[in-house]
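> Below are the sequence and a predicted model for it; my questions follow.
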Amino acid sequence: MTSTAPSPASWSELLGPRYRSTSAVLAGGVGLHAVNIFLTTSLLPTAIGELGRESLYAWSATVFMVASVISSMTVSRLLAHRGALGAYLFALAPFFVGTMICAVSPSMEVLLVGRAVQGLGGGLLAGLSYAVLREALPEHLWARATALVSAMWGVGTLAGPAIGGLFAQLGQWRLAFVALAVVAAAIAVIAPRALPRTERVRGGEPVPATSLVLLTLATIAISVASIVGNGTHMLALIAVGAAFIVLFLAWELRSPRRVLPQSTYTRASSLKWIYLTIAVLASGTVSEAFTPLFGQRLAGLVPFAAGFLGAMMSVGWSATMIFSSDISRPRAQTAAKIAGPAVLAAGLLLTAALWRDDAGPVTVILWAGALAAAGAGIGLAFPHLMVAAMRTTDDEQEGAKAAAGLNTVELIAMAVGSAVAGVLVNLGAPSALASARLLFLGLGVITAAGVFTAYRATRQAEREDAGPPYVRDAK
């Protein structure tokens with residue numbers, strides 16, 4: 001584990017001539033993935049009108065999510081076998097191909113194929129942005145770079161619906177996908193000058209096939225649970241997904257071939273607590289998918305305004321993350337990690353209390369403020385949790401796996417959170433007010449658990465820094 005004190009970092013250094021291209025490529029990869037998700041949601045109604053098969057509407061997000069989770073689990077191995085530059089170009093290829101398939105699709109079935117191929121590339125890009133960051137930038141810039149890359153999700157939340165809505169309004173939804181493909185090609189042109197040609201490992205660690213299969217089955221079950229209408233079927237699928245996750249963890253614990261780093265399953269390591277805290281924070285973001293609906297139903301907002309209400313959480317955590325990355329003192333970083341989940345939970349619970357029928361402008365402003373505050377909790381903790389995960393080991397291979405595991409943990413948490421959110425919303429149906437209150441109350445309680453996991457992560461990290469006697473005691 002790295003113990004040297006980091007040098008002072010600045011935005012001017014990260015965005016200056018030396019690292020400007022690297023920052024643009026890493027942020028651009030996540031930006032492509034994020035914009036694509038939110039752009040597609042605003043385009044699909046128009047695409048369905050042309051292609052038909054409305055019954056397949058919900059499957060667009062499901063196939064994309066499943067493919068993203070599958071590919072995210074191969075990031076560390078791809079990085080080892082192809083190096084930083086080769087891995088990034090490899091990831092851009094399926095994203096470009098899948099996007100062009102969507103652009104020319106003659107039917108909804110073909111568009112779903114394109115979405116699946118996009119998901120494979122998107123999952124790799126999102127995971128590689130964190131893993132390659134570790135290779136391409138000095139350690140003292142990791143917090144800044146992590147904040148920049150993660151903030152691209154907020155950019156996607158705002159830009160995606162706006163761009164998609166514009167192309168849909170013009171009746172040119174296919175050109176939106178073409179534009180995404182052009183940006184992907186531009187990033188591929190810049191990448192050779194921006195990313196290091198790191199050493200490739202021949203042979204290397206075998207693919208953990210059993211872990212991949214178990215986690216894929218869990219993701220499929222949970223993702224399908226979030227789109228079925230029958231409550232009994234939904235609960236059954238969630239139970240099946242949870243069972244596969246338990247089997248996955250049991251297998252990983254004893255298998256030499258793992259998706260996550262070995263230290264995740266070591267009692268004396270802080271990594272498992274870091275991952276759990278990140279998972280809790282990520283689960284809170286699934287409320288964004290339902291907020292526009294509640295804004296329309298409870299306040300009569302037009303779709304455009306409701307969409308921006310749904311983006312307020314992303315605005316909150318993107319803005320706060322930029323400022324949080326300025327925190328350099330260890331005690332302040334520890335405080336930020338623990339306070340983050342508390343602020344997120346408080347914001348969600350406050351929003352639950354503020355939901356009203358026939359809400360007026362003042363109430364809508366209060367909703368927006370509470371959602372932005374909830375997002376600020378994510379932004380407060382995320383940069384420091386992610387850097388802490390990258391610093392848990394000095395071993396390059398395990399370090400790359402720890403960084404790549406961040407995206408896998410986020411995606412799984414969002415899949416599980418979406419399914420739980422679907423259950424909570426259905427429990428409140430047909431009342432939009434009851435659904436809104438149950439959803440935000442439930443997510444608030446879940447995210448409050450992050451205070452405990454963040455505390456355990458920081459305590460364990462302190463023991464690791466203290467040296468071998470404390471580590472032995474922990475064991």
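Cool, the structure landed. Numbers count the residues shown, from 1 in each chain.

> Distance-wise, check the residue nearest to the spatial centre of the chain relative to Gly284.
For the chain, the residue nearest the mean C-alpha position is Glu410 (4.6 Å; C-alpha atoms, centre = their mean). The gap separating Glu410 from Gly284 is 12 Å, by C-beta to C-beta, to the nearest Å. Bear in mind the C-beta positions are built from the backbone N, C-alpha and C, glycine included.

> hang on, the earlier thing: what's the separation between the residue nearest to the centre of the chain and Pro138?
25 Å.

> Pretty sure Met105 sits against Leu51.
Not Met; residue 105 is Ser. Yes - the criterion here is C-beta atoms under 8 Å, and Ser105 meets it with Leu51 at 7.0 Å.

> any residues in contact with both of these two?
Overlap between the neighbourhoods of Ser105 and Leu51 consists of Leu111, taking contacts as C-beta atoms under 8 Å, 6 or more residues apart in numbering.

> Give me the phi and psi for Met73.
When read as degrees, to the nearest 10, the backbone of Met73 gives phi -80, psi -10.

> That one and Thr408: what is the separation?
Taking C-beta to C-beta, one finds Met73 at 6 Å from Thr408.

> Can you name the residues that contact Leu14?
Leu14 neighbours (C-beta under 8 Å, 6+ apart): Ser23, Leu137, Leu141, Arg144, Ala145, Leu148.

> So which of those is the closest to Ala373?
Leu148 (22.3 Å; C-beta to C-beta).

> circling back: element containing the residue nearest to the centre of the chain?
For Glu410, the host element (DSSP states H and E) is helix 396-428.

> for that helix, packing partners?
helix 59-72, helix 75-104, helix 108-136, helix 209-225, helix 231-254, helix 271-284, helix 361-390, helix 432-466 (3 or more C-beta pairs under 8 Å, 6 or more residues apart in numbering; DSSP states H and E).

> That helix vs helix 361-390, what angle?
Calculated by axes from the mean of the first three to the mean of the last three C-alpha atoms, to 10 degrees, helix 396-428 forms an angle of 150 degrees with helix 361-390.

> And helix 396-428, what's buried?
397-426, 428 (16 or more other C-beta atoms under 10 Å).

> And stretch 377-393, by the same measure?
377-393.

> Likewise for stretch 257-265?
Buried-residue list, stretch 257-265, by 16+ other C-beta under 10 Å: Arg258, Val259, Leu260, Pro261, Ser263, Thr264, Tyr265.

> Just the terminal-to-terminal distance for that stretch.
13 Å (C-alpha to C-alpha, to the nearest Å).

> what's the distance between that stretch and the middle of its chain?
Put simply, stretch 257-265 sits 20 Å off its chain's centre (C-alpha atoms, centre = their mean, to the nearest Å).

> what's next to that stretch, contact-wise?
Contacts with stretch 257-265, where a contact means C-beta under 8 Å, 6+ apart, come from 73, 205-212, 215, 252-253, 269, 271-272, 275, 392-393, 398, 401-402, 405, 408-409.

> Swap in 7 Å and give it another go.
73, 206, 208, 211-212, 215, 252-253, 269, 271-272, 275, 392-393, 398, 401-402, 405, 408 (C-beta atoms under 7 Å, 6 or more residues apart in numbering).

> number of nearby residues for Ser21?
16 (other C-beta atoms under 10 Å).

> now swap in Val113 and tell me
16.

> who touches it in this structure?
Listed by C-beta under 7 Å, 6+ apart, the contact partners of Val113 are Ile101.

> Quick check, the residue nearest to the centre of the chain in contact with Ala282.
Yes - counting by C-beta atoms under 7 Å, Glu410 touches Ala282, with 4.5 Å between them.

> between these two, what contacts are shared?
With C-beta under 7 Å, 6+ apart, Glu410 and Ala282 have no common neighbours.

> List just the nearest of the buried residues of stretch 257-265 to Ser42.
Using C-beta to C-beta, these come closest to Ser42 at Val259, 33.0 Å.

> For the closest one, report the pLDDT, please.
In this model, Val259 is scored at 79, pLDDT.

> Please tell me how far it sits from Trp153.
Relative to Trp153, Val259 is positioned 23 Å away (C-beta to C-beta).

> repeat for Ile245
On the measure of C-beta to C-beta, Ile245 and Trp153 end up 24 Å apart.

> tell me which residues of stretch 241-251 are tucked away?
For stretch 241-251, by 16+ other C-beta under 10 Å, it's Gly241, Phe244, Ile245, Leu247, Phe248, Trp251.
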